[in-house]
Structures are given as structure tokens and as C-alpha cells.
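J.: Return a 3D structure for these sequence lines:
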Amino acid sequence: MDNSTKQHGGNIIAVANELGCLVEDLLDMSSNLMPLPMVAGLRQAITNRLEEISFLPETKSETLRDLFAAQHHRASNEVLVGNGTTDFIFAAPAMKGLKKAIIVTPTYNDYRLACAWAGLPVEDLPLSAADHFHLDLERLTTTLSGDELVFICNPNNPSGGLIDSAQLHAQIKARPKSLFLVDESYLQFTREVSLLEMEPLTNLLILTSYSKIFGIPGLRLGFLTGAPERLAAISAHNKPWGVNRVAQIAGEYLVSNGEDHVQMVLRYTEEHRPGFIADLNALPTVEVVDGVCNFILCRLTGTMRAGQLREAMLTHRIIIRDCENFTGLDDRYFRVCLKDPDGNNRCLAALKEILSA
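T.: Predicted coordinates:
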């Protein structure tokens, strides 16, 4: 299997091509997407306005930006719309005045890659496997001296650990000389309040993704919220028409019509996640890392390694995430995500067969 298909979850088209099968033959447990069908009415909303691809999209997604800002009681100049959150992850380390970045490990790999591209030195803050990779905010903030860019993924990917938003906000407010980029891509899978609903801080940038909770990663749609002067520095380097027209149309619909779907995903996750975790824990040589999200990090305790398990699962046409390439994890860790009951059971049956062999 080509190593390029292992760098992120959700490379289902590439995997299908390499296996010589159809995409619909594969069960993707690697991508962390919501487990329910597409938001009601979204497909029709896009179809109804599909002729709009015959002209240029709004230069800065002004309509969508204003809708999102109003939803979260922010001014329009406090929000940017991007081609996924990736746009902003790679833009932030290039901001002037930063001396280094602080990255807790393990966490999303693109934070480190973005810093490397920008030439920004990185200092790691390793989290403990014995504590299920939970972040001690006091430990983090006491290491800060100013002019750092601090990446925090909440809930954290791949561990699923959640930080209390009020405590996080208080710590950020108490360290005004450090810039915090808080990635809330998976927060909507929990009932934790978003930092978007708290007092704006000049040293806080908040990432919001529509890809995971609404199951539209192919459209690439994300938001960055923060102080106008911070966003102005980032948007000055953004290319025009960075978000395509179909994504803008989808976003406009979801801002106004997505809340019922979010609540359905929450209820589904709360109903089905505990049983799925119990079944994973019951598998031979599997330990589940304590988390709260729709994805679950697991550690193998036997002789099999995650790369071997991933290849074996592919023979069942199931994709799992080999987590060896996350800084701070080794070749025993893999990640799966919650799907519909049939998908969950299919995954569990294949894992049991392989791990019991």
C-alpha cells in the first residue's frame, strides 16, 4: 500500500484505486466524519443554485461570512472563510512577530507541517499515555514566555481528550503575550460550549470546520474567528476566490439549517459510542484511550502492530487509521470512528477475526 494514503484519514478514493475496488465497497473508519446521512435539504439547496458555478464566487465569501458572524454574535471583520481550516492552519505560523510554536503531542500533524513550511521553530509538549494524553493547562501555560503560537485541538485529534472551554478561555486571557490557535473542528460532537460564545480575546484565534460534523470534507469549508487586526494580517496573504461557489452555497444553507442535524449527531453519538467502546475494549489485545469524541484511539498490547492491522483490515475492505506517524505515538496505536450500527458491527467483527487469529 502506497504510504501516501496513510498520512491522513479518509483517503478513500486513493485506497479504492490501489485496491482496484469501488469506493462504495469500502467502509471508511478512518475519516472522523459524522455517522448520519447528509443534512436534510442540502443536496437540493446545492442543485437549485448549481447554475451559479458559471460565474466567479464571492471574493471573500462575504454572504457566508456575515451569516456565520451573525450566528455567533461577532462582527464581520472578526471572521474569515477558508478552503477548509487548512488554509488558516498554514497561514498562522507565517504571521510576523512569532518566535516559536508550542505543539502538544500527540495531535494533528498539519500543525507541525505548517510551522515547517513557515520556518517557525517548534517546541513539543509531550502528553502522557498513562494519563490518556489529557492536557494539563497549568503545565502548558507556565512554559510560555510570550511571542509563541500555541496550537490546541479541542477535542484533541487523535486522542479525543476534551478541555473545559471556560478554563481554557481563562488561561488564554491570562497570557496576552502568547497567541493561541484553538482548533474546534470536533467540538460540535460534544456538548462543551464553544469559545466562539465567550468574550473575544485579541490573542485567540478559533478554527471551526464544517467538514466533519456535516460530512462534506470534499467541499473544503472552514472558518477562522479572531481579532480584526489578527485576521487582517492573515487575509492580506489569502488568494481571492479561495472558496468555491458550491462550498459557499452549502455553507449559507448550513448556517441557517444545520442545527437540527448537529443535535441528531450529538444524540446518536451519546447513544452508540459507549457500546462501541465497550466492544472495542472487549477485543483481544486492544486498549481504548479515554476520550469524548466520535473517533476512538486504541492501543494494541499484543505482537501485532497498527500497520499490520491496517493492511489486514483492508482485506475486509475496511480502512482504519494507522497512527504511527503522529508525533508522540508509536506503532501500536490505531484510530477508528463511529459509524452506523451495521458499519460498527462490521468493523468489530473484522477486528475480532484478525486479532484472535
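J.: Checking the residue lying closest to Ser356 once chain neighbours are set aside next. Helix, strand or coil?
T.: Nearest non-adjacent residue to Ser356, counting by C-beta to C-beta, 6 or more residues apart in numbering: Pro284, 5.7 Å away. (C-beta placed from N, C-alpha, C; glycine too.) With DSSP: H, G, I helix; E, B strand; the rest coil as the basis, Pro284 sits in coil.
J.: Got the domain ranges for the protein?
T.: When the chain is parsed with automatic domain parsing, its domains come out as 3-30+260-356, 42-257.
J.: Pipe the ones you listed into TSV and attach distance to Leu36 and mean pLDDT per row.
T.: Formatted as TSV, those follow (distance: least, C-beta to C-beta, whole Å; pLDDT from 0 to 100):
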stretch	distance to Leu36	mean pLDDT
domain 3-30+260-356	6	92
domain 42-257	8	96
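J.: and the ones you listed as CSV, adding mean neighbour count?
T.: As requested, these are exported to CSV (neighbours: other C-beta atoms under 10 Å):
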stretch, mean neighbour count
domain 3-30+260-356, 17
domain 42-257, 18
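J.: Can you list phi and psi of Val39 for me?
T.: Val39 adopts backbone torsions of phi -50, psi 130, taken as degrees, to the nearest 10.
J.: separation between it and Ala247?
T.: Computed as C-beta to C-beta, to the nearest Å, the Val39 to Ala247 distance reads 14 Å.
J.: Walking through the chain, point out its strands one by one.
T.: Using DSSP state E, the strands of the chain run over 27-28, 79-82, 100-105, 122-126, 148-153, 179-183, 204-209, 222-225, 286-288, 295-300, 318-319, 321-322, 333-337.
J.: now these as CSV including distance to Gln171?
T.: Listed next are these as CSV, based on distance: least, C-beta to C-beta, whole Å:
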stretch, distance to Gln171
strand 27-28, 36
strand 79-82, 24
strand 100-105, 13
strand 122-126, 14
strand 148-153, 10
strand 179-183, 9
strand 204-209, 11
strand 222-225, 18
strand 286-288, 28
strand 295-300, 24
strand 318-319, 37
strand 321-322, 30
strand 333-337, 27
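J.: for those strands, which one sits closest to Ala232?
T.: Ala232 lies closest to strand 79-82 among these, at 9.6 Å (C-beta to C-beta).
J.: which neighbours does the closest one have in its sheet, and in what orientation?
T.: strand 222-225 (antiparallel) (DSSP bridges).
J.: How far away from the center of its chain is the partner strand?
T.: Distance, stretch centre to chain centre, for strand 222-225: 13 Å (C-alpha atoms, centre = their mean, to the nearest Å).
J.: which residues sit against it?
T.: Applying C-beta atoms under 8 Å, 6 or more residues apart in numbering, the contact partners of strand 222-225 are 68, 72, 74, 78-88, 185, 196, 205-211, 231, 234.
J.: and stretch 169-184, how far apart are its ends?
T.: Using C-alpha to C-alpha, to the nearest Å, the end-to-end distance of stretch 169-184 comes out at 13 Å.
J.: Same question for stretch 46-64.
T.: Start-to-end span of stretch 46-64 (C-alpha to C-alpha) is 14 Å.
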